[in-house]
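Colleague: sharing a sequence plus its predicted fold:
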Amino acid sequence: MQTRNDNLSSTFSALADPTRRAILAHLASGEASVSELSKPLKMTMPAVTKHLKVLRKAGLVRQGRRAQWRPCNLEAAPLKEVSDWMEKYRKFWEQSFDRLDGYLKELQMKEKKDESDRNKRK
C-alpha cells in the first residue's frame with residue numbers, strides 16, 4: 001500500500017501533463033469513452049489510452065466495461081488529497097501577505113509623518 005506522500009507524488013505526476021488535465025476536465029462533466037475523449041484532443045485513441053493508463057494508476061480515473069464500450073469516470077478523491085495538502089501552504093501565503101500588508105501600512109504612515117514634518121519646517 002502506498003503512503004499518502006506516494007499518492008500525492010502519483011497525483012502530481014499525472015497532473016503535470018496538460019493533456020491529462022484536459023482529460024480530467026472533460027470527465028468532470030460526466031463519463032466518456034476513449035473515442036469521445038480523443039476527439040477534442042485531436043489525438044489517436046492509443047495515445048489517449050496511454051494517458052488514461054497514467055491517470056488510472058494515479059487513481060484519478062476509473063474505467064468500466066459495458067459490452068464493447070469502456071466508459072471512463074473521474075475519481076476525485078486524489079484531487080481532494082492534493083487540495084488538503086496544499087491548504088497549509090495557502091494559510092502560509094495568507095499569513096505572509098498579511099505581514100506584508102502590515103509592513104506596507106507602517107511605511108505609508110512613516111512616509112506621511114515625514115511629509116508632514118517637512119511641511120512644518122517650510
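Modeller: Now that the structure is in, tell me what you want to look at.

Colleague: can you pull out the strands in this structure?
Modeller: 61-63, 72-74 (DSSP state E).

Colleague: can I get these in JSON lines including mean neighbour count and distance to residue 37?
Modeller: (Glycine included, C-beta is placed from N, CA and C.) Output for the strands of the chain, formatted as JSON lines (neighbours: other CB atoms under 10 Å; distance: least, CB to CB, whole Å):
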{"stretch": "strand 61-63", "mean neighbour count": "18", "distance to residue 37": "10"}
{"stretch": "strand 72-74", "mean neighbour count": "18", "distance to residue 37": "7"}
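
Colleague: how about those in TSV, adding distance to residue 30 and mean pLDDT?
Modeller: Listed next are the strands of the chain as TSV, based on distance: least, CB to CB, whole Å; pLDDT from 0 to 100:
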stretch	distance to residue 30	mean pLDDT
strand 61-63	13	94
strand 72-74	8	95
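
Colleague: kindly state the domain boundaries assigned to the protein.
Modeller: 4-75, 78-122 (automatic domain parsing).

Colleague: what's the longest helix in this structure?
Modeller: Selection of the longest helix in the chain by residue count, based on DSSP state H, yields helix 77-121.

Colleague: that older thread, winner for burial among the domains of the chain?
Modeller: Comparing the domains of the chain by mean neighbour count (mean count of other CB atoms under 10 Å), domain 4-75 ranks first with a mean of 15.

Colleague: done for today, thanks.
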